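K.L.:
below is the structure, and that's it, no one-letter string:
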Ligand code: TYM
């Protein structure tokens, strides 16, 4: 490969977020913030997974808008388009092409066991489409196209990465070494941020109840209000415990945003009630996100710039992905003419 020496020595990372809603602090803590920390050390590919998003019905104009927004959020959170390859999944046709091939090496039984498929098909019983079912094969394609060694994600995606490993191993065993076997990478804190409305459920950007999640783009007063109203138990001591899912979650969020350990957080709020703690969490989150929002607004004001970066990113991604795809096509026996 014609890569600079420094890239050749670096391990590769790929990850993505679906533009199926405005990105939440779950996406931020579980994924994007961690990407930021990794961008210096690794050769990174980060994409906006719009192909994945249509497994659930989307309003076309909104999907388009959210794709731009997600791209801008990546950069506003600190991802440098000069150091990373930032791109939109549908701009690189290799993803859909490899997904088809991998579909033929992914078993019905494996896909049926995916928790996310079970959850989503229960929530969208009117639209259990084939794409929703084979979604993990597309995700495996995303990862395997770039030879990713690591995939930094939140906890909910580990099962999909496990499946990508199984499919890659199956293919390698059949046709000799083709794919790098990827590993999931969880953040130190915030791998599973829970809903503020029901802390036994994961915080999700597609939740119908906007009080359940905090968006990266929510204004300060909204963020503070959402934390104030966060569901907690009837106690008052800021201390982790069983049956205290709400407080546990708020302590996790505060600790992830401040870098303090949960024990330090408990100490800081000793003798203070839930009210004071919730206010502090809301203000800390809002103050951390304020500069991200300023940067986001500036980027969204310059669409031609964003589009030029999308184009550059997709060309860069295509160069890497097309190499893997043609290797795969050769191995499975497709006739290739120059
Ligand atoms: P998505 O869009 O649901 O979430 C994007 C990333 O955010 C993490 N995440 C969370 N982390 C902590 N707490 C939460 N409440 C929370 N909610 C979401 C997710 O774990 C994920 O890392 N299928 C993927 C997108 C995808 C992808 C890929 C990921 C497509 N292709 C290739 C990695 C590699 C998804 O739906 O993520």
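P.N.:
That came through fine. Predicted, not measured: the structure shown is a model, and the values here were computed from it.

K.L.:
going along the chain, name the strands of the stretch 1-150 of the chain.
P.N.:
Assigned by DSSP state E, counting those that start in this stretch, the strands in the stretch 1-150 of the chain fall at 12-17, 43-48, 85-88, 150-152.

K.L.:
so which of the ones you listed is the most surrounded?
P.N.:
Highest mean neighbour count among the strands of the stretch 1-150 of the chain (mean count of other CB atoms under 10 Å): strand 43-48, with a mean of 26. No exception for glycine: its C-beta is placed from N, CA and C like everyone else's.

K.L.:
strands paired with that one, and their directions?
P.N.:
strand 12-17 (parallel), strand 85-88 (parallel) (DSSP bridges).

K.L.:
what distance separates the last one from the centre of its chain?
P.N.:
Using CA atoms, centre = their mean, to the nearest Å, we find the averaged C-alpha position of strand 85-88 to lie 13 Å away from the chain's own average C-alpha position.

K.L.:
circling back to that earlier point, of all the strands paired with strand 43-48, which lies closest to the ligand?
P.N.:
Checking the strands paired with strand 43-48 against the ligand by CB to the nearest ligand atom gives strand 12-17 as the closest, at 3.7 Å.

K.L.:
which residues touch that closest one?
P.N.:
23, 27, 31-32, 35, 38, 42-49, 52, 70, 89, 139, 142-143, 146-153, 180, 182, 185 (CB atoms under 8 Å, 6 or more residues apart in numbering).

K.L.:
is that strand in proximity to the ligand?
P.N.:
Yes - applying CB under 6 Å from any ligand atom, one finds strand 12-17 in contact with the ligand at 14, 15, 16, 17.

K.L.:
residues contacting the residue of the stretch 1-150 of the chain found nearest the ligand?
P.N.:
The nearest approach of the stretch 1-150 of the chain to the ligand comes at residue 30, 1.9 Å away (CB to the nearest ligand atom). Each residue near residue 30 by CB under 8 Å, 6+ apart is listed here: 153, 154, 155, 156, 187, 190, 191, 192, 193.

K.L.:
so residue 57 sits against residue 127, correct?
P.N.:
Yes - the pair residue 57 and residue 127 passes the contact test of CB atoms under 8 Å, sitting 6.1 Å apart.

K.L.:
list phi and psi for residue 217.
P.N.:
For residue 217, the backbone dihedrals (degrees, to the nearest 10) come out as phi -100, psi 0.

K.L.:
can you count the residues close to it?
P.N.:
By the criterion of other CB atoms under 10 Å, residue 217 has 20 neighbours.

K.L.:
same question, the one 5 residues further on
P.N.:
For residue 222, the count of nearby residues is 16 (other CB under 10 Å).

K.L.:
now the stretch 151-300 of the chain against the ligand: closest residue?
P.N.:
Proximity of the stretch 151-300 of the chain to the ligand (CB to the nearest ligand atom) peaks at residue 154, 2.3 Å away.

K.L.:
and the closest residue to residue 250 other than its chain neighbours, how far from residue 226?
P.N.:
Residue nearest to residue 250 in three dimensions, not counting chain neighbours: residue 281, with 5.3 Å by CB to CB, 6 or more residues apart in numbering. Noted for residue 281: a distance of 10 Å to residue 226, by CB to CB, to the nearest Å.

K.L.:
those two - which one has more neighbours?
P.N.:
Just comparing residue 281 and residue 226: by other CB under 10 Å the higher neighbour count belongs to residue 281, 27 against 24.

K.L.:
got the contact list for the more buried one?
P.N.:
Residue 281 neighbours (CB under 8 Å, 6+ apart): 227, 250, 253, 254, 257.

K.L.:
which one of those is nearest residue 286?
P.N.:
residue 227 (8.9 Å; CB to CB).

K.L.:
quick check: which element contains that closest one?
P.N.:
helix 220-228 (DSSP states H and E).

K.L.:
average pLDDT for that helix?
P.N.:
Mean pLDDT, helix 220-228: 98.

K.L.:
so what secondary structure elements neighbour the helix or strand following it?
P.N.:
Sequence order places helix 245-258 as the next helix or strand after helix 220-228, per DSSP H and E. Applying 3 or more CB pairs under 8 Å, 6 or more residues apart in numbering; DSSP states H and E, one finds that helix 245-258 makes contact with helix 262-268, helix 274-300.

K.L.:
touching the first one from outside, list them.
P.N.:
By CB under 8 Å, 6+ apart, the surrounding residues in contact with helix 262-268 are 238, 239, 240, 251, 252, 254, 255, 258, 260.

K.L.:
hmm, 6 Å instead?
P.N.:
Outside helix 262-268, the residues that touch it by CB atoms under 6 Å, 6 or more residues apart in numbering are 239, 251, 254, 255.

K.L.:
count of neighbours near residue 320?
P.N.:
As a burial measure, residue 320 scores 21 neighbours (other CB under 10 Å).

K.L.:
picking that back up, and the contacts of residue 281, which is closest to residue 305?
P.N.:
residue 257 (29.4 Å).

K.L.:
what about that closest one, neighbour count?
P.N.:
By other CB under 10 Å, neighbour count at residue 257 equals 20.

K.L.:
check residue 297 too.
P.N.:
Residue 297 has 12 nearby residues by other CB under 10 Å.

K.L.:
what's the pLDDT at it?
P.N.:
With respect to pLDDT, residue 297 has a value of 97.

K.L.:
what do you get for residue 92?
P.N.:
Reported pLDDT for residue 92: 98.
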